[in-house]
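Engineer: this one's structure only:
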């Protein structure tokens, strides 16, 4: 007469207890993986929409920046012209002041 434990004798259909526990684990893990994949897809969709907004913003900046950008050489030339204009204005003011003579003193 063999002695078998009660757990070994428990069967549902053709499956014994160990088979059922393994099957339950597989079902649980597949459910957890399915949930995580769905969460990653939602996150990916959100990031994709965010990336699309960023790409559109960058493309609009690519169109605007060239019109507002001043090359260093252009800037230096403009500053040089302004300096020359200021020097001419200063020399004219000095010339007019010399011709007018000293300002009369007020009593």
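Structural biologist: Done, it's in. For clarity, every value in this text was computed on a predicted model and none was experimentally measured.
Engineer: ranges for the helices of this protein?
Structural biologist: For the chain, helices defined by DSSP state H occupy the ranges 6-9, 17-68, 72-100.
Engineer: want to throw those helices into CSV with mean neighbour count and mean pLDDT?
Structural biologist: (Glycine included, C-beta is placed from N, CA and C.) Below are these laid out as CSV (neighbours: other Cβ atoms under 10 Å; pLDDT from 0 to 100):
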stretch, mean neighbour count, mean pLDDT
helix 6-9, 9, 56
helix 17-68, 10, 86
helix 72-100, 10, 83
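Engineer: So which residue is smack in the middle of this protein?
Structural biologist: By Cα atoms, centre = their mean, the chain has its centre lying nearest to residue 54, at 6.6 Å.
Engineer: distance of that one from residue 66?
Structural biologist: Per Cβ to Cβ, to the nearest Å, residue 54 is found 20 Å from residue 66.
Engineer: Next, find the distance separating residue 93 from residue 36.
Structural biologist: 78 Å.
Engineer: Stretch 64-80: how far from the chain's middle?
Structural biologist: A distance of 27 Å separates the centroid of the chain from that of stretch 64-80, by Cα atoms, centre = their mean, to the nearest Å.
Engineer: Name the surrounding residues that touch it.
Structural biologist: Outside stretch 64-80, not one residue touches it by Cβ atoms under 8 Å, 6 or more residues apart in numbering.
Engineer: Quick one: end-to-end distance for that stretch.
Structural biologist: Start-to-end span of stretch 64-80 (Cα to Cα, to the nearest Å) is 27 Å.
Engineer: This protein - how does it break down into domains?
Structural biologist: 10-68, 69-99 (automatic domain parsing).
Engineer: what's the spacing between residue 35 and residue 49?
Structural biologist: Distance from residue 35 to residue 49, by Cβ to Cβ: 22 Å.
Engineer: Equivalent analysis for residue 88, please.
Structural biologist: 58 Å.
Engineer: Likewise for residue 21?
Structural biologist: Distance, residue 21 to residue 49, by Cβ to Cβ: 43 Å.
Engineer: Before I go, just wanted to say thanks for your time.
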